[in-house]
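> What would the 3D arrangement of this be:
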Amino acid sequence: MPFDAIVAVARKEKRLMLTEVEAKQALKEAGIDVVDTRLAKDKAEAQRIAREIGYPVVLKIVSPDIIHKSDIGGVKVGLADEAAVSTAFDEIMAATKKANAKANVHGVAVQAMAKQGTEVILGMSKDPQFGPVLMFGLGGVLVEVLKDVAFRIVPLTPRDAGQMVREIKGYPVLEGYRGQDPADVARLEQAILTLSEFVEGHPEIKELDMNPIFAYKDGIAAVDARIVLEDEAAS
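Numbers count the residues shown, from 1 in each chain. Alright, predicted model coming up:
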């Protein structure tokens with residue numbers, strides 16, 4: 001589904017935050033490598049998608065009313081077979097109902113269980129004076145603890161992307177610190193440029209982040225994604 005169509009659905013439902021499935025679909029269409037993630041509206045569909053994607057899989061609640069999915073028990077990882085998916089689906093729905101009985105539930109996201117890589121974050125926020133600003137840094141909890149991030153104003157040049165990656169203090173981790181595999185820096189730089197082009201072309205996006213992105217020695221994969229839209233009056 002094209003991004004404009006995804007936005008139209010969100011507008012019709014009077015919500016500013018896209019679901020994780022929608023956000024990943026938009027980023028995939030833009031040319032960013034994301035983990036295969038699909039929406040299942042019921043248990044049977046979740047099992048079918050899991051078979052198609054291939055085990056192990058992750059299940060996550062998809063609801064505009066549930067922001068912190070892990071905190072309420074809305075995420076189940078490492079599901080290795082159909083029975084595990086069935087149990088996880090029931091547990092997620094029960095946890096969601098307990099957390100918010102009136103939550104609007106779209107279903108569950110079924111995604112491939114990505115192999116661990118070096119975690120980085122890539123995102124965008126809007127500065128009142130300069131407009132869209134991209135941010136890059138080490139991902140996961142490290143971004144909150146270390147705040148080791150680099151910023152650039154959109155649109156970015158290849159030189160900007162290269163500088164962003166290399167100016168964080170954690171860059172040695174990306175080079176392959178103490179025997180770890182180095183990250184695919186070229187793919188990270190390309191993802192930064194692709195994101196710059198994407199947000200420049202879509203002023204209706206207010207905030208965006210991908211955290212974490214797993215960086216491997218031969219590619220990257222965005223594991224989680226979030227996109228917030230502007231109010232219609234501001235876009």
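
> now the helices for the protein?
For the chain, the helices defined by DSSP state H cover 3-12, 20-30, 43-53, 82-99, 142-146, 158-167, 171-176, 185-201.

> Nearest to Q111 among the ones you listed would be which one?
Shortest distance between Q111 and the helices of the chain, using C-beta to C-beta, is found for helix 43-53: 7.3 Å. C-betas here are computed from N, CA, C, even on glycine.

> Pull the distance from that closest one to the chain's centre.
In terms of C-alpha atoms, centre = their mean, to the nearest Å, the centre of helix 43-53 is found 21 Å from the chain centre.

> same check, this time on stretch 211-225
With C-alpha atoms, centre = their mean as the basis, stretch 211-225 stands 9 Å off its chain's centre.

> got the contact list for that stretch?
With contact meaning C-beta atoms under 8 Å, 6 or more residues apart in numbering, stretch 211-225 is reached by 20, 23-24, 27, 32-35, 111, 114-123, 139-140, 143, 174, 181-184, 187-188, 191, 208-210.

> Keeping just the C-alphas, turn the longest strand seen in the chain into CSV.
As assigned by DSSP state E, the longest strand anywhere in the chain is strand 205-216. Extracted C-alpha coordinates of strand 205-216, given in CSV (Å, rounded to 0.1, in the frame of the first residue of the first chain):
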residue,chain,number,x,y,z
ILE,A,205,5.4,13.1,9.1
LYS,A,206,6.0,14.7,12.5
GLU,A,207,8.2,12.1,14.1
LEU,A,208,9.8,8.9,13.1
ASP,A,209,12.2,6.4,14.6
MET,A,210,13.6,3.0,14.0
ASN,A,211,14.9,1.5,17.2
PRO,A,212,16.5,-0.9,17.1
ILE,A,213,18.0,-1.4,13.6
PHE,A,214,20.2,-4.4,13.7
ALA,A,215,23.4,-3.7,11.7
TYR,A,216,25.2,-6.8,10.4
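
> how about low-confidence regions in the protein?
Applying pLDDT under 70 to the chain flags the ranges 142-143, 145, 233-235.

> Kindly recompute the last result at 80.
Applying pLDDT under 80 to the chain picks out residues 140-146, 233-235.

> What residue spans form the domains of it?
As assigned by automatic domain parsing, the chain contains the domains 36-113, 118-229.

> Off-centre distance for stretch 104-119?
Distance of stretch 104-119 from the chain centroid (C-alpha atoms, centre = their mean) equals 9 Å.

> buried sites along it?
105-114, 117-119 (16 or more other C-beta atoms under 10 Å).

> These into JSON lines, with extra columns for distance to A44?
As requested, those are arranged in JSON lines below (distance: C-beta to C-beta, whole Å):
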{"residue": "V105", "distance to A44": "16"}
{"residue": "H106", "distance to A44": "16"}
{"residue": "G107", "distance to A44": "11"}
{"residue": "V108", "distance to A44": "12"}
{"residue": "A109", "distance to A44": "16"}
{"residue": "V110", "distance to A44": "12"}
{"residue": "Q111", "distance to A44": "18"}
{"residue": "A112", "distance to A44": "19"}
{"residue": "M113", "distance to A44": "21"}
{"residue": "A114", "distance to A44": "25"}
{"residue": "G117", "distance to A44": "32"}
{"residue": "T118", "distance to A44": "37"}
{"residue": "E119", "distance to A44": "34"}
